[in-house]
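1. quick one, what's the 3D model for this:
(one chain, ligands or ions: 2)
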Amino acid sequence: MNISKNDIKTLIPQAELEAKIKEMAAEISKRHEGEELHLICILKGGAYFMTELSKYITVPVTIDFMSASSYGSGTTSSGVVKINKDLDEPIEGKHVIVVEDIIDTGYTLSYLLNFLKDRKPASLELCAILNKPSRRIVDVHIDYYGFDVPDKFIVGFGLDADQKFRNLPYIGYIET
Ligand code: IMP
Ligand code: MG
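-> Ligands and ions are numbered 1, 2, ... in the order given. Down below sits the predicted model:
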């Protein structure tokens, strides 16, 4: 299917998204007052969110990136996750926040959080701009999230359809 921009309906306008990100950054800064934070962006979807979020965090921040892929669909997946790119820096003793675009089935993040926990960070939290609770298979605790979204195919602000539309400055869904 060749999707065009006309097939995308706005779900969360840019201004709402920006306001929410500032709120989230304020909450993170408050909870971590007096600490240094290490943000881990899950590529590629988390990239837009992490860069925006980090600009408004007021405690000292360092960043790193990792990439993983989850095999199988929600109905058939065994939850097998492959690490395509590991972190550049150790996380032992650091206050880590994993920054992701959306938590859907929960497979990817429950795997990654366990994987990172073994490296003994001082604390480990999860922050996602979107949450799609209707699709959850594995229980994952999300420490900070922006919006609940319906069970639709979401694009924009990092989320893609076949690698496209990540650069939309708002969150939309594909009308099917
Ligand atoms: P999970 O393991 O099912 O929670 O997978 C989450 C990942 O699937 C996210 O990081 C996204 O990359 C991708 N994903 C889940 N739902 C959507 C969607 O509606 N649009 C685009 N990507 C999605
Ligand atoms: Mg992703």
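2. shouldn't residue 44 be in contact with residue 167?
-> No: contact between residue 44 and residue 167 fails when scored by CB atoms under 8 Å: they sit 11.0 Å apart. (C-beta placed from N, C-alpha, C; glycine too.)
3. so which helix or strand takes in the most centrally placed residue in the chain?
-> Central residue of the chain (CA atoms, centre = their mean): residue 100, 1.2 Å from the mean position. Using DSSP states H and E, residue 100 sits in strand 95-103.
4. on contacts alone, who are the packing partners of that strand?
-> With contacts taken as 3 or more CB pairs under 8 Å, 6 or more residues apart in numbering; DSSP states H and E, strand 95-103 sits against strand 37-43, helix 47-55, helix 107-117, strand 123-131.
5. how about a markdown table for those, with distance to residue 143, mean pLDDT and mean neighbour count added?
-> Putting those into a markdown table (distance: least, CB to CB, whole Å; pLDDT from 0 to 100; neighbours: other CB atoms under 10 Å) gives the following:
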| stretch | distance to residue 143 | mean pLDDT | mean neighbour count |
| --- | --- | --- | --- |
| strand 37-43 | 12 | 98 | 22 |
| helix 47-55 | 13 | 98 | 20 |
| helix 107-117 | 11 | 96 | 18 |
| strand 123-131 | 4 | 98 | 22 |
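6. go through those and name the closest to residue 139.
-> Proximity to residue 139 (CB to CB) singles out helix 107-117 among these, at 7.5 Å.
7. what is the closest one packed up against?
-> strand 37-43, strand 61-70, strand 81-85, strand 95-103, strand 123-131.
8. near ligand 1, which residues of the chain?
-> Residues of the chain lying close to ligand 1 (CB under 6 Å from any ligand atom) are 45, 70, 100-109, 153-154, 159-160.
9. now do 8 Å
-> 42, 45-46, 70, 74, 77, 79, 81, 100-110, 132, 135-138, 140, 149, 152-155, 159-161, 173 (CB under 8 Å from any ligand atom).
10. rewinding a little: between residue 44 and residue 167, which has more neighbouring residues?
-> residue 44 (15 against 10; other CB atoms under 10 Å).
11. quick one, longest helix in this protein?
-> With secondary structure taken from DSSP state H, the chain has its longest helix at helix 14-31.
12. what is the burial count for residue 137?
-> With other CB under 10 Å as criterion, residue 137 counts 14.
13. assumed it was part of a helix.
-> No: counting by DSSP: H, G, I helix; E, B strand; the rest coil, residue 137 is not found in a helix; it is coil.
14. please shift the residue numbers so they start at 21 in all later answers.
-> Noted, 21 is the first residue going forward, which turns the last one into residue 157.
15. that one - nearest residue in space that isn't next to it in sequence?
-> Once flanking residues are discounted, residue 157 sits nearest to residue 125: 4.4 Å by CB to CB, 6 or more residues apart in numbering.
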